[in-house]
Structure formats: structure tokens, C-alpha cells
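1. With the sequence up front, the predicted model follows.
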There are 2 protein chains.
Amino acid sequence: MTLYYLDDLAPGQHFKGHTRARVEESAIKDFAREFDPQPFHLDNAAAGDSIFGALAASGWHTAALTMRLLVDSGLELAGGLVGAGFDELRWPLPVRPGDELRVEIEVLEVRPSKSRPTQGLVKLRTTTLNQHDQAVQISVGTLVVQRRS
Amino acid sequence: MTLYYLDDLAPGQHFKGHTRARVEESAIKDFAREFDPQPFHLDNAAAGDSIFGALAASGWHTAALTMRLLVDSGLELAGGLVGAGFDELRWPLPVRPGDELRVEIEVLEVRPSKSRPTQGLVKLRTTTLNQHDQAVQISVGTLVVQRRS
């Protein structure tokens, strides 16, 4: 793992996550039972009659899995992956049972903090892709990153 | 529960969630172990030395709990709570062990679909508050809602 400080990051840098996450049907239903208990995330027949057309993972499950893929991505940021907020979060396609997800990361902006000389903000676009290289989540978020002291 | 169709929604409407969710320390660590295994979400001592100053829930845990509070909120939308995407997602304060969360929802925009006469889009601001009435998450998202046929 390479530890990246704010000073090591620049717009246009791309990173590919080192790992993949396979999404089992049981995991989709377990997550939904706890956090998003709606028929199209829990019940195959009901999902078939819904806007999703078949069982689909909760978008928040996709978001949580994306966070795990980021932690395991090999892009280790000084101070950890600490999200200040998101400007965009979209799910262009649902995640289905058996999908294998991975992430790609692009650095959009790097800004030293004016008030806190030891840290800054980096804006990243993170795309979560399935095994067909289709985007299932796109987010643009800002992280707090430490500066090299 | 009242079932709301797109036709029943208008900008300026406010809804308060019917339930609260208490966040136990064990739940913070369980979620983090699976989805966001970083020291400040897993280990009290390490969290004390981090930007969070003490153990803090993953923002994605807060987001997932917010989804559960929305499902249980009493605001039942025709077709279910189906997110098309978010324009904003922020965590102004961390969620701490023992916090009790609730949601408040404001309708910002209501738009019938031009291409699909049976549905439309509603933009909502959802604020997740702790037991001190401090916002721990603010999101602005667009949901797909069925029209009254």
C-alpha cells in the first residue's frame, strides 16, 4: 500500500481498486431486512412486479459495498478515508444477485485548507462497476486528507 | 399509514418520522467491520486519536439507518421509496454510541414525468437528527413516485 498525502494528489489521477466484491442474494436480503425493508429488496416475486423487474440491492447497500471497496482499494489516504460530503450520488443500474463489483477513482480537485495548514480537501469521482463494466453507482465526494508535515 | 401519490405531494410539505433508532456501540462496530473497517469506526482508543476524537459511526451507517427511518416514517409513497439519485449528502456531525436518531422530510420539488405518464419525480430534503436535535445527516435526493391513475 502507498500512503497518499494531500501533496501527492493531483487532478486527473486515476486509481483502480485492487479487489472485487461478489454480492450474494442472501446478503442483499440481509441488508434490506435491517436497513431498507421494501418488497423489491426482500422478495423475488414482489421484485418482479416492481419498477426493478427483479430482485435489486438497496442503493445504500451498493454505497456501503463501495465504501468497503474503497477501503480495500490500495488508495490509502493520510488520516483515513473521511468523507466531508457528496455533491452527487447516483445509481444508474441496480445491483443484482451474483454481481461482482469493483471501483475506479478519479481525482477531480485538490485544495489545501486555508484555516488548517495540516490538512486539505480532495474531490473524487468514484464509479462502482459490475462484472459487465456497467456503472451501478457514481458518486462525487469530498474527503479530508492530511498534508505531508 | 397514508399512501401518497405524486399528485398528493407539493413543495413546502413537511413530514416527521414516526420512529427513532438508537445506535449501539456494537452496531457501529459491526457495520464498520463489514463495510468501513477503519480504526475510528472500530476501536475506541484509535478513534480518540483521530479526526473524530471518539468512536464515530461510518457515514454510510448513518445513511443506511436514515433509510430505515424513512421506510418506517409513515410517509408511504406509491411504488415504494425508490431513489433516482442525490444532489447532496452531508454529515455535519458524527453519530456516537447511544445516539437516538429520527428524520424530518421536506418536499422541495414535484415534477410529473413527460415520457412516463404514470410516474413522476419528487425532490426531498431529509434531515437526520440526534437526541439533541443536531443534524447528523442532510441529504437532497430525488425519488420516483407513481401518479394516481
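-> Sure thing, it's come through.

2. CA atoms only for stretch A:83-98, dumped as CSV, please.
-> Presented in CSV, the C-alpha positions along stretch A:83-98 are these (Å, rounded to 0.1, in the frame of the first residue of the first chain):
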residue,chain,number,x,y,z
GLY,A,83,-15.9,11.9,3.8
ALA,A,84,-16.9,15.6,4.2
GLY,A,85,-19.8,15.2,1.9
PHE,A,86,-21.1,14.3,-1.5
ASP,A,87,-22.2,16.5,-4.4
GLU,A,88,-23.6,13.7,-6.4
LEU,A,89,-24.7,10.1,-5.7
ARG,A,90,-26.5,8.1,-8.5
TRP,A,91,-27.4,4.5,-9.1
PRO,A,92,-27.6,4.2,-13.0
LEU,A,93,-28.4,0.4,-12.7
PRO,A,94,-29.5,-1.8,-9.9
VAL,A,95,-27.1,-4.4,-8.3
ARG,A,96,-28.4,-7.9,-8.9
PRO,A,97,-27.7,-11.2,-7.0
GLY,A,98,-24.3,-12.6,-8.2
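
3. ok, it near chain B or not?
-> Yes - for stretch A:83-98, a contact with chain B is found by CB under 8 Å from any CB of the partner chain, at A:83-91. In this view, the C-beta of every residue, glycine as well, is placed from N, C-alpha and C.

4. Just the buried positions in that stretch, please.
-> Within stretch A:83-98, the residues scored as buried using 16 or more other CB atoms under 10 Å in any protein chain shown are A:83, A:85-87, A:89-91, A:94-97.

5. So which bits of chain A are right by chain B?
-> Residues of chain A that fall close to chain B, judged by CB under 8 Å from any CB: A:31, A:34-40, A:50-51, A:58-61, A:63-65, A:67-68, A:71, A:79-91, A:141, A:144.

6. Mind checking which of these land in helices?
-> A:31, A:34-35, A:39-40, A:59-61, A:63-65, A:67-68, A:71 (DSSP state H).

7. could I get the residues you listed as TSV with pLDDT?
-> Supplementary listing: those in TSV, determined by pLDDT from 0 to 100:
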residue	pLDDT
A:31	98
A:34	98
A:35	98
A:39	95
A:40	96
A:59	97
A:60	98
A:61	98
A:63	98
A:64	98
A:65	98
A:67	97
A:68	97
A:71	94
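
8. Spatially central residue in chain A, please.
-> Centroid-nearest residue in chain A, with CA atoms, centre = their mean: residue A:66, separated by 3.1 Å.

9. so that one makes contact with residue A:138?
-> No - taking CB atoms under 8 Å as the contact criterion, residue A:66 and residue A:138 are not neighbours in contact, 10.0 Å apart.

10. Need the overlap of contacts for the two.
-> Common neighbours of residue A:66 and residue A:138 (criterion: CB atoms under 8 Å, 6 or more residues apart in numbering or on different chains): A:126, A:128.

11. My understanding was that residue A:110 contacts residue A:12; is that so?
-> No - with contacts defined as CB under 8 Å, residue A:110 does not count as touching residue A:12, sitting 10.2 Å away.

12. and those two? which has more neighbours close in?
-> Ranked by neighbour count (other CB atoms under 10 Å in any protein chain shown), residue A:110 and residue A:12 place residue A:110 first, with 18 against 7.

13. I'd guess the more buried one is in a strand, am I close?
-> Yes - following the definition DSSP: H, G, I helix; E, B strand; the rest coil, residue A:110 is counted among the residues of a strand.

14. Please name the strands paired to the least confident helix or strand in chain A by mean pLDDT in the sheet, noting orientation.
-> Of all regular secondary-structure elements in chain A, judged by mean pLDDT, DSSP states H and E, the least confident is strand A:2-4 with a mean of 89. Within its sheet, and counting by DSSP bridges, strand A:2-4 is paired with strand A:75-77 (parallel).

15. Please list the outside residues in contact with the partner strand.
-> The contact list for strand A:75-77, computed with CB under 8 Å, 6+ apart, reads A:1-4, A:15, A:17, A:105, A:122, A:143, A:145-146.

16. All good on my end, thank you.
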